[in-house]
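1. task: produce atomic coordinates for the following.
(chains A and B)
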Protein chains: 2
Amino acid sequence: MEESLARVRADVQAELDRVIDALPAGELADAMRYAVQGGKRLRAFLVMESARLHGVADAAALPVAAAIEALHAYSLVHDDLPAMDDDDLRRGLPTVHVRWSEATAILAGDALQTLAFQLLADDRIGPSDARLRLVGAMARAAGARGMVWGQALDIAAETAGAPPDLDAIKMLQGGKTGALIRFAATAGPLIAGDDPAALDRYAEALGLAFQIADDILDVTGDEAVTGKRVGKDADARKATFVSLLGLSGAQAEARRLVAVSEAALADYGGAARNLHDLARFVIERDT
Amino acid sequence: MEESLARVRADVQAELDRVIDALPAGELADAMRYAVQGGKRLRAFLVMESARLHGVADAAALPVAAAIEALHAYSLVHDDLPAMDDDDLRRGLPTVHVRWSEATAILAGDALQTLAFQLLADDRIGPSDARLRLVGAMARAAGARGMVWGQALDIAAETAGAPPDLDAIKMLQGGKTGALIRFAATAGPLIAGDDPAALDRYAEALGLAFQIADDILDVTGDEAVTGKRVGKDADARKATFVSLLGLSGAQAEARRLVAVSEAALADYGGAARNLHDLARFVIERDT
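-> Now for the predicted structure:
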């Protein structure tokens, strides 16, 4: 898996650099370029692997992989803003509003969302119908019933009197991080016009396991390795899977979800080896 | 024209209410609903008129008209933020971040942009190819070579040592407001697969005339009628068409552009009557 992931990282970075280099030069393009550097590229990897499982060529899937990373980068830039999570460090570097300004961070995020949809219109992806399925699915995953909805619930939870319970956290994270991960993992069948149900089940459990692992890393992680502040959730007295389930309870739930996730891949057999590896990596990672 | 415009306003509002009412209830959906209320709906009107001129049915053009108004509303919500233009009044009402919070305004704007692209994927619009042309064109108009680029230049101009000259202002406004107006006016030919060149020329001149008229209204307008603060540009010592050309110079340039705009409609004959009316309305309006 590491080898495939490294190739995806290089390919996606080249694709993002290509489209951003084609923009008018200036602070806006600089901030966008900065925001799409680095990261694990797990969403792009999910796109490329799900494409491969459904007979979609790498060259056709690449704009979709770049699109989802542009969308993810937009969400991070906006989430880091002072009015939101107020983070000054991301991937080990100053966040966009710290490096430039709040205005530039708002605009760079806005333009990265636009760029994501522009990439889905790319004719390398295939027939118009396929691209439109992607546009519709990404819009549903990203918007006011998906990622942005989850983020709004997260913000609301911080100011609410009582902390959210486990069901509320699951719903919130299902929107905030889950929806986009499910879009990424189903991109292959969406392009090919195949049934996305199995990969959607895989991604739903994977997304939740991923978030639980994030909460665990906020407690057990090493700032030098994760590139973000550790202990932030506890400082903010934020309800997390760890605060609700305890550390070992959260670890057990993450393992259970990885098993659910892997079970959904049964019909793909050995071809889904990388997706099995990814599911296990998600809870074993230290960053 | 007033009658057609009133019908467009009602239809577009109904369409926007319909899609927003279908979202999960809460502050996010409330803020989105609030942000898409009111406004002149000139962009939606351009979509509907350009569609009619190219034989596209109203029902097919309506989701596109709603999309562009959702996109426009997102840009206003973000432009009004404290880190951007810091406006507390819009269309006579408190801006979204004043009424709710900065976080909600950022998220509502984000989700309105997503909603705009979702609306372009609507199958009522017609064949997949047509919808994809719209997605690509709106992304180019809205993003880092269009609207967001213009807004970034505008922000940069405020902090630069020397005020921008006339060419710089034209370029800035061509991005900030012009690109979206051109997308709106060419939506009809884009859906129909016809040549958009004449309507693009119409809209390019119209967009600039519209912005000059806005600058004039900032000097001569009545706050009770415009619904926004008057004299704001002068207070901010902002370079505008009025500060660069003088009031009568700006009025003359707006009239010249309206003539250019109307000349581009020649081949449409009497069928383009509403677009002629709109061009004249743009410089005669008091709001």
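
2. now for the helix or strand residue A:180 falls within, which elements pack on it?
-> If you go by DSSP states H and E, residue A:180 is part of helix A:179-192. Contacts defined by 3 or more Cβ pairs under 8 Å, 6 or more residues apart in numbering or on different chains; DSSP states H and E place helix A:179-192 against helix A:42-53, helix A:58-79, helix A:128-142, helix A:147-159, helix A:197-220. For every residue, glycine as well, the C-beta is placed using N, CA and C.

3. okay, these in CSV with mean neighbour count and mean pLDDT next?
-> Below are the helices and strands packed on helix A:179-192 laid out as CSV (neighbours: other Cβ atoms under 10 Å in any protein chain shown; pLDDT from 0 to 100):
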stretch, mean neighbour count, mean pLDDT
helix A:42-53, 26, 97
helix A:58-79, 24, 98
helix A:128-142, 23, 97
helix A:147-159, 21, 90
helix A:197-220, 22, 94
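
4. the helix holding residue A:180 to helix A:42-53, inter-axis angle?
-> Helix A:179-192 runs at 20 degrees relative to helix A:42-53, counting by axes from the mean of the first three to the mean of the last three Cα atoms, to 10 degrees.

5. returning to that earlier point: out of the helices and strands packed on helix A:179-192, which is closest to residue A:272?
-> Judged by Cβ to Cβ, the one of these that comes nearest to residue A:272 is helix A:42-53, at 6.3 Å.

6. run through who's touching the closest one.
-> A:4-5, A:8-9, A:12, A:57-58, A:60-62, A:64-66, A:68-69, A:72, A:180-181, A:184-189, A:191, A:199, A:203, A:210, A:268, A:271-272, A:274-275, A:278, A:282 (Cβ atoms under 8 Å, 6 or more residues apart in numbering or on different chains).

7. show me the one of the helices and strands packed on helix A:179-192 that comes nearest residue A:105.
-> Closest to residue A:105 of these, according to Cβ to Cβ: helix A:58-79, at 5.4 Å.

8. using CSV, write out the CA atom coordinates for that closest one.
-> C-alpha atoms of helix A:58-79 as CSV (Å, rounded to 0.1, in the frame of the first residue of the first chain):
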residue,chain,number,x,y,z
ASP,A,58,-5.7,6.0,-13.5
ALA,A,59,-5.7,8.9,-16.0
ALA,A,60,-9.5,9.1,-15.8
ALA,A,61,-9.6,9.0,-12.0
LEU,A,62,-6.8,11.5,-11.4
PRO,A,63,-8.8,14.7,-11.8
VAL,A,64,-11.4,13.2,-9.4
ALA,A,65,-8.6,12.5,-6.9
ALA,A,66,-7.3,16.0,-7.3
ALA,A,67,-10.8,17.4,-6.9
ILE,A,68,-11.4,15.7,-3.6
GLU,A,69,-8.1,16.9,-2.2
ALA,A,70,-8.9,20.4,-3.3
LEU,A,71,-12.2,20.2,-1.6
HIS,A,72,-10.6,18.7,1.6
ALA,A,73,-8.0,21.5,1.5
TYR,A,74,-10.7,24.1,1.3
SER,A,75,-12.5,22.7,4.3
LEU,A,76,-9.3,22.7,6.4
VAL,A,77,-8.4,26.3,5.5
HIS,A,78,-11.9,27.4,6.5
ASP,A,79,-12.0,25.2,9.6
